[in-house]
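J.: Requesting a structural model of the entry that follows:
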Amino acid sequence: MDFFQVESAYISKEGCRLIWKGNDEDNQDVIVLSKEELESLVELLSKESTGKVELEDEFSTIWVNTDTTQFRLKEHKMLEVKTQLLRKF
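T.: Reported below is the predicted structural model:
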């Protein structure tokens, strides 16, 4: 899975959708972030800081490191994106 893009959330204009694409057209993973989760992530990225964002389900987390940002989701494989690439969005 490769990180593909950031889109507006369909449900709310205040959050966002992070999209990873697989090898074929129908293979994708999407993470929907709420406004609060997005604000916490943007704060870490803008300060070029490392840290953790806990998601609403209280089990899933986003780990922001210097080189990669990891999305560790409950009952799902871990997704990664280069932190530098995520900062561009």
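
J.: use CA for all of it now, contacts and neighbours both
T.: Noted.

J.: Checking D57 next. Helix, strand or coil?
T.: coil (DSSP: H, G, I helix; E, B strand; the rest coil).

J.: How many residues are close by it?
T.: 9 (other CA atoms under 10 Å).

J.: what do you get for K74?
T.: For K74, the neighbour count with other CA under 10 Å is 12.

J.: Surely it and E58 touch.
T.: No - counting by CA atoms under 8 Å, E58 is not a contact partner of K74; they are 9.1 Å apart.

J.: Which residue comes closest to Q5 once chain neighbours are left out?
T.: I19 (5.4 Å; CA to CA, 6 or more residues apart in numbering).

J.: what's the distance between the one you found and L86?
T.: Distance, I19 to L86, by CA to CA, to the nearest Å: 11 Å.

J.: returning to that earlier point: pretty sure the residue nearest to Q5 sits in a strand.
T.: Yes - when classified by three-state DSSP, I19 is found to be part of a strand.

J.: Let me see the ranges of the helices in the protein.
T.: Taking DSSP state H to define them, one finds helices in the chain at 35-46, 83-88.

J.: right, so those helices: which one is the most enclosed?
T.: Across the helices of the chain, averaging neighbours per residue (mean count of other CA atoms under 10 Å) puts helix 35-46 on top, at a mean of 16.

J.: got the CA positions of that helix in PDB?
T.: Taking C-alpha atoms only, helix 35-46 is exported to PDB below (Å, rounded to 0.1, in the frame of the first residue of the first chain):
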ATOM      1  CA  LYS A  35     -11.500  17.700  13.300                       C
ATOM      2  CA  GLU A  36      -9.800  17.200  16.600                       C
ATOM      3  CA  GLU A  37      -7.600  14.300  15.400                       C
ATOM      4  CA  LEU A  38      -6.700  16.300  12.300                       C
ATOM      5  CA  GLU A  39      -5.800  19.400  14.400                       C
ATOM      6  CA  SER A  40      -3.600  17.200  16.700                       C
ATOM      7  CA  LEU A  41      -1.800  15.700  13.700                       C
ATOM      8  CA  VAL A  42      -1.300  19.100  12.000                       C
ATOM      9  CA  GLU A  43       0.100  20.500  15.200                       C
ATOM     10  CA  LEU A  44       2.800  17.800  15.400                       C
ATOM     11  CA  LEU A  45       3.600  18.000  11.700                       C
ATOM     12  CA  SER A  46       3.800  21.800  11.700                       C
END
